[in-house]
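In: Whatever this is, show me its structure:
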Amino acid sequence: MRVLLSTYGSRGDVEPLVGLAVRLRELGAEVRVCAPPDEDFAERLAGMGVSVVGVGQSARALTTAAPPPSKANLPQRAAELIASQVEVIPSVAEGCDLLVATGAMPAIAGARSVAEKLGIGYVSVIFQQLTLPSPQRPPLAYPGRPFPPEVTDNRALWELDAQSIDALFGEALNTSRAAIGLPPVANVRDYAFGDRPWLATDPVLDPWLETPDLDVVQTGAWVLPDERPLPAQLVAFLEAGAPPVYVGFGSMPVRGGEEAARVAIEAVRTQGRRVIVGRGWADMGLIDDRDDCFAVGEVNHQQLFGRVAAVVHHGGAGTTTTAARAGAPQVVVPQLADQPYWAGRVAELGIGVAHDGPVPTAESLAAALRKALAPDTVSRAEAVADTVRTDGATLAAQLLLDTVGGDRHPQKG
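Out: Predicted coordinates:
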């Protein structure tokens with residue numbers, strides 16, 4: 001069996017595919033990956049022996065580029081992204097039995113179009129449930145396209161969501177489809193997801209509420225045990241004192257990285273704790289030469305989060321899950337998209353604190369840290385850690401092989 005895993009997005013969209021790819025190979029499948037051509041993504045996949053082909057421009061360059069995504073520039077960005085999918089993926093998918101697509105909505109729609117053209121099986125996967133239509137909650141609004149405040153019915157909002165996606169991405173998708181001899185689609189969102197999307201999140205952290213409108217397969221998060229050792233200097237720092245607080249915002253281009261680092265370090269110091277600063281795409285670093293701080297780049301979060309007092313982060317699905325599995329109390333400072341949702345889930349579960357807004361002050365972050373470091377929060381985080389699934393990628397790999405092996409394609413492209 002040959003499987004192509006296709007994505008376009010940040011590290012949080014790429015890392016789960018590493019876990020799935022490894023589990024698929026263990027079951028005898030041949031795996032290929034299409035992902036953004038960022039060097040760190042390629043190194044991570046290559047390090048696990050997974051073949052990867054770059055598609056489109058650097059995700060980091062696109063994420064940090066000015067101006068930010070808006071109603072004006074999203075259609076053009078979508079057109080370029082879809083065109084790159086349709087141009088590159090067909091040759092990579094040659095001989096594949098199945099295409100698994102995730103990442104940005106235009107990328108998923110473009111990948112499904114390729115699967116349709118080739119006549120191979122197709123599965124769409126998301127790493128948070130907020131883009132799946134459900135009458136039990138409203139959708140996320142796209143940049144520059146707020147929902148009318150007078151519309152409060154969730155079903156009506158999801159109709160508006162479909163219209164918004166069509167307005168932003170419909171022309172771009174259908175132009176690329178026409179170029180490969182495919183007819184236009186009338187509903188980009190529903191076409192991209194299909195009638196049986198997969199939700200690769202933990203059911204404790206992200207419980208899917210069943211809806212009659214959609215048959216969702218929830219597998220658990222795709223996490224591969226990370227055996228990479230921590231750098232020797234980081235280990236020495238960890239062993240030189242009490243567990244520090246980790247602060248990092250991953251792939252978020254937090255404005256004013258230096259100021260964000262200053263605020264975070266000052267807040268942690270008020271709690272009498274040492275600090276580990278994750279540089280991330282905001283390029284945060286140290287603010288002085290005191291020996292209570294240490295800066296890291298790419299590092300094994302699974303190993304590190306098990307050795308810290310708390311984790312302050314942006315609320316990406318992957319970071320939230322990794323911290324929860326490690327039993328580390330969390331302070332989530334959500335920046336955009338699904339991150340306020342994950343912040344809310346952390347607070348609801350009692351395993352940490354949701355910061356109010358994306359730009360903390362030293363005082364507001366210190367207050368959140370006090371709550372996160374309280375004994376009851378620490379105990380709750382340790383208890384929930386034991387309930388988080390560890391077999392999501394294994395389950396997903398087996399489901400894919402069983403489905404295709406039994407000639408029961410999840411759905412035709």
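In: Run through the strands of the protein in chain order.
Out: Ranges of strands in the chain, per DSSP state E, are 2-6, 30-35, 51-54, 98-101, 121-126, 198-199, 217-218, 245-247, 275-278, 293-296, 310-313, 330-332, 352-354.
In: With distance to residue 342, mean pLDDT and mean neighbour count added, can I get the ones you listed in JSON lines?
Out: Using the backbone N, CA and C atoms, a C-beta is placed for each residue, glycine as well. Listed next are those as JSON lines, based on distance: least, CB to CB, whole Å; pLDDT from 0 to 100; neighbours: other CB atoms under 10 Å:
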{"stretch": "strand 2-6", "distance to residue 342": "23", "mean pLDDT": "95", "mean neighbour count": "25"}
{"stretch": "strand 30-35", "distance to residue 342": "23", "mean pLDDT": "93", "mean neighbour count": "23"}
{"stretch": "strand 51-54", "distance to residue 342": "27", "mean pLDDT": "87", "mean neighbour count": "18"}
{"stretch": "strand 98-101", "distance to residue 342": "22", "mean pLDDT": "96", "mean neighbour count": "27"}
{"stretch": "strand 121-126", "distance to residue 342": "13", "mean pLDDT": "96", "mean neighbour count": "24"}
{"stretch": "strand 198-199", "distance to residue 342": "14", "mean pLDDT": "97", "mean neighbour count": "22"}
{"stretch": "strand 217-218", "distance to residue 342": "16", "mean pLDDT": "96", "mean neighbour count": "18"}
{"stretch": "strand 245-247", "distance to residue 342": "17", "mean pLDDT": "97", "mean neighbour count": "27"}
{"stretch": "strand 275-278", "distance to residue 342": "17", "mean pLDDT": "95", "mean neighbour count": "24"}
{"stretch": "strand 293-296", "distance to residue 342": "22", "mean pLDDT": "95", "mean neighbour count": "19"}
{"stretch": "strand 310-313", "distance to residue 342": "9", "mean pLDDT": "97", "mean neighbour count": "29"}
{"stretch": "strand 330-332", "distance to residue 342": "6", "mean pLDDT": "97", "mean neighbour count": "29"}
{"stretch": "strand 352-354", "distance to residue 342": "9", "mean pLDDT": "97", "mean neighbour count": "27"}
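In: any chance of those strands in TSV, with distance to residue 168 too?
Out: Conversion of the strands of the chain to TSV gives the following (distance: least, CB to CB, whole Å):
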stretch	distance to residue 168
strand 2-6	20
strand 30-35	22
strand 51-54	24
strand 98-101	18
strand 121-126	18
strand 198-199	23
strand 217-218	27
strand 245-247	34
strand 275-278	32
strand 293-296	37
strand 310-313	29
strand 330-332	28
strand 352-354	29
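In: Domains in the protein, by residue range?
Out: 2-223+390-405, 232-385 (automatic domain parsing).
In: got the end-to-end distance for the last one?
Out: Between the start and the finish of domain 232-385 there is a gap of 27 Å, counting by CA to CA, to the nearest Å.
In: Ok, stretch 305-324 next?
Out: 9 Å.
In: Nearest to residue 80, out of the strands of the chain?
Out: Nearest of these to residue 80, taken as CB to CB: strand 51-54 at 14.2 Å.
In: Tell me which strands that closest one pairs with, and in which orientation.
Out: strand 30-35 (parallel) (DSSP bridges).
In: distance between stretch 109-128 and the chain's centre?
Out: 18 Å (CA atoms, centre = their mean, to the nearest Å).
In: if I read this right, residue 318 contacts residue 14, doesn't it?
Out: No - contact criterion CB atoms under 8 Å: residue 318 and residue 14 do not qualify, at 9.6 Å.
In: Check the gap between residue 56 and residue 402 for me.
Out: 32 Å (CB to CB, to the nearest Å).
In: repeat for residue 162
Out: 32 Å.
In: Between the two, which has more neighbouring residues?
Out: More crowded of residue 162 and residue 402, by other CB atoms under 10 Å: residue 162, with 16 against 11.
In: How about the more buried one: what's its closest non-neighbour residue?
Out: Among residues not flanking residue 162 along the chain, residue 189 sits closest, at 5.1 Å (CB to CB, 6 or more residues apart in numbering).
In: pretty sure that neighbour contacts residue 105?
Out: Yes - the pair residue 189 / residue 105 is scored as a contact, 7.0 Å apart, by CB under 8 Å.
In: Name the residues contacting each of these two.
Out: Both residue 189 and residue 105 are in contact with 131, 165, where contact means CB atoms under 8 Å, 6 or more residues apart in numbering.
In: Could you give the backbone dihedrals for residue 50?
Out: When read as degrees, to the nearest 10, the backbone of residue 50 gives phi -100, psi 130.
In: check contacts around the closest residue to it other than its chain neighbours.
Out: Spatial nearest neighbour of residue 50, chain neighbours left out: residue 21 (4.7 Å); criterion: CB to CB, 6+ apart. Each residue near residue 21 by CB under 8 Å, 6+ apart is listed here: 5, 31, 33, 45, 48, 50.
In: gap between the fourth one and residue 53?
Out: When CB to CB is the yardstick, residue 45 and residue 53 sit 10 Å from each other.
In: what is in contact with these two at once?
Out: With CB under 8 Å, 6+ apart as the test, residue 45 and residue 53 both reach 33, 35.
In: low-confidence ranges in the stretch 51-200 of the chain?
Out: Scanning the stretch 51-200 of the chain for pLDDT under 70 picks out the ranges 63-71.
In: What is the neighbour count of residue 154?
Out: Neighbour tally, residue 154, other CB under 10 Å: 15.
In: And the spatially most central residue of the chain, what's its pLDDT?
Out: For the chain, residue 12 is the residue whose C-alpha lies nearest the centre (CA atoms, centre = their mean; 3.4 Å). We have a pLDDT of 83 for residue 12.
In: go on, residue 50?
Out: On the pLDDT scale, residue 50 gets 84.
In: tally of neighbours for it?
Out: Neighbour number of residue 50 under other CB under 10 Å is 21.
In: right, and it touches residue 18 too?
Out: Yes - contact criterion CB under 8 Å: residue 50 and residue 18 qualify, at 6.9 Å.
In: Which neighbours do those two have in common?
Out: Joint contacts of residue 50 and residue 18 (CB under 8 Å, 6+ apart) do not exist.
In: what about residue 290, distance to residue 275?
Out: Distance from residue 290 to residue 275, by CB to CB: 10 Å.
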